[in-house]
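Chemist: Have a look at this prediction, sequence included:
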Amino acid sequence: MDLQIALLLGQDGIVNGAVYGLMALALVLVFSVTRVIFIPQGELVAFGALSMAALTAGRVPATLWLLVALAAMTLVVEAWRWQRGATVEWKSTLVWTLFFPALAAGLVLGLRPSSLALQAVTTLFLITPLGPLLYRLTYRPLAHASVLILLIVSVALHGVLVGLGLLFFGAEGSRTPAFSEARFDLGGVPVSGQSLVVVGVAFVLVVLMFLFFERSIVGKALRATAMNRVGARLMGIPTDLSGDLSFALAALIGAVSGLLIAPLTTVYYDTGFLIGLKGFVAAIVGGLASYPIALVGALLVGQLEAFSSFWASAFKEVLVFTLIIPVLWWRSLRSRHVEDEE
């Protein structure tokens, strides 16, 4: 290995780490607010990439019908709860079950976007509502369950979404056109414009997330829910809606990640699982609680993956996932047992 190869590997590690950092942010956000380890986060990445590929090919992405089906099921469940005397937030319910599906259908079937930018926006409107709809159907009825039960539900939902991905998109992989075809030479190291787009979008998204949580009332409400769910409820914060919003943000991050990686690698229906797992490793480094440490962990995972692919490509995935063992061992020595609040 010489300096140029090391710089190339370092560049790949930064690009991969940026995507894993977005995954880690989404996982930490969802776990902090709802105590759900959202394993299907990777499937939202794959759905975003493959939906974008379908739009660029001039086809109607099957995720539109998944969105419509989930919206109809959620509307039926909420109406049933309302008939049984439960309190239902109809305003937010109609936003997720009618407004966003109608908007997505209008964009896909009516507008039929032809430009890359419009196709990307359409993909975001297709994937983002899936988060709160999945939360309302699968997780909110178990809001008071233990973390272990919620994890089991996540594993089951992951299997369902992987099967639907195979049904919708088939076993063939897809790629999309790059958002930037530019090429640069920095110190003898070739840098693609798409790599800069990935790092730049990830950086902007992290900054926007920071401003959202630090400056907005809604962001502060989510932080309060993450710190003390019972206390937040006593202060009048609608914790169920906090779950909706956290899953919507996670789905948005997943869709953006899918758009970013689709031009760089061929995406298959199950590609998102490994991406989500590597983001989970980064989130574990942050203790599923710290956003900055999770980002540092994502960069570490990206660099370890890049250099492992050079030194021991056959054991690349093994080395990456082995990173979780010393982290968990170290945290087990420093943590004390705390009972769940609810």
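Modeler: Yep, that arrived. Because the structure is a prediction, the values reported are computed rather than measured. Numbers count the residues shown, from 1 in each chain.

Chemist: Find the centremost residue of this protein, please.
Modeler: G254 (3.2 Å; C-alpha atoms, centre = their mean).

Chemist: That residue and I127 touch, don't they?
Modeler: Yes. Using C-beta atoms under 8 Å, G254 is in contact with I127, at 6.6 Å. Glycine gets a C-beta too; all of them are placed from N, C-alpha and C.

Chemist: Quick check: neighbours shared by those two?
Modeler: Common contacts of G254 and I127, defined by C-beta atoms under 8 Å, 6 or more residues apart in numbering, comprise 44, 47-48.

Chemist: Out of those residues, which sit inside helices?
Modeler: Among the shared contacts of G254 and I127, the members found in helices (DSSP state H) are 44, 47-48.

Chemist: can you redo these as a markdown table with pLDDT and distance to F315?
Modeler: A markdown table is the format used below for these (pLDDT from 0 to 100; distance: C-beta to C-beta, whole Å):
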| residue | pLDDT | distance to F315 |
| --- | --- | --- |
| L44 | 94 | 28 |
| F47 | 95 | 30 |
| G48 | 94 | 30 |
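
Chemist: Mark which of those are buried, thanks.
Modeler: By neighbour count, with 16 or more other C-beta atoms under 10 Å, those hold 44, 47-48 as buried.

Chemist: List the buried residues of the longest helix that the chain contains.
Modeler: Ranked by residue count and defined by DSSP H, the top helix of the chain is helix 3-34. The neighbour-count criterion (16+ other C-beta under 10 Å) identifies 8-9, 11-34 as the buried residues of helix 3-34.

Chemist: Can you tell me which of the buried ones among the ones in helices among the shared contacts of G254 and I127 is nearest L277?
Modeler: Within these, proximity to L277 (C-beta to C-beta) peaks at L44, which comes in at 13.9 Å.

Chemist: nearest spatial neighbour of that closest one, skipping sequence neighbours?
Modeler: Nearest residue to L44, sequence neighbours excluded (C-beta to C-beta, 6 or more residues apart in numbering): G254, at 3.1 Å.

Chemist: moving C-terminal of the helix or strand hosting that neighbour, what's the next helix or strand?
Modeler: According to DSSP states H and E, G254 maps onto helix 239-261. Next along the chain after helix 239-261, taking DSSP H and E as the criterion, comes helix 271-285.

Chemist: Which other helices and strands does that next one contact?
Modeler: helix 3-34, helix 41-56, helix 239-261, helix 291-311, helix 316-322, helix 324-334 (3 or more C-beta pairs under 8 Å, 6 or more residues apart in numbering; DSSP states H and E).

Chemist: just the shared contacts of G254 and I127 now: which is nearest L300?
Modeler: Out of the shared contacts of G254 and I127, the member with the shortest distance to L300 (by C-beta to C-beta) is L44, at 23.6 Å.
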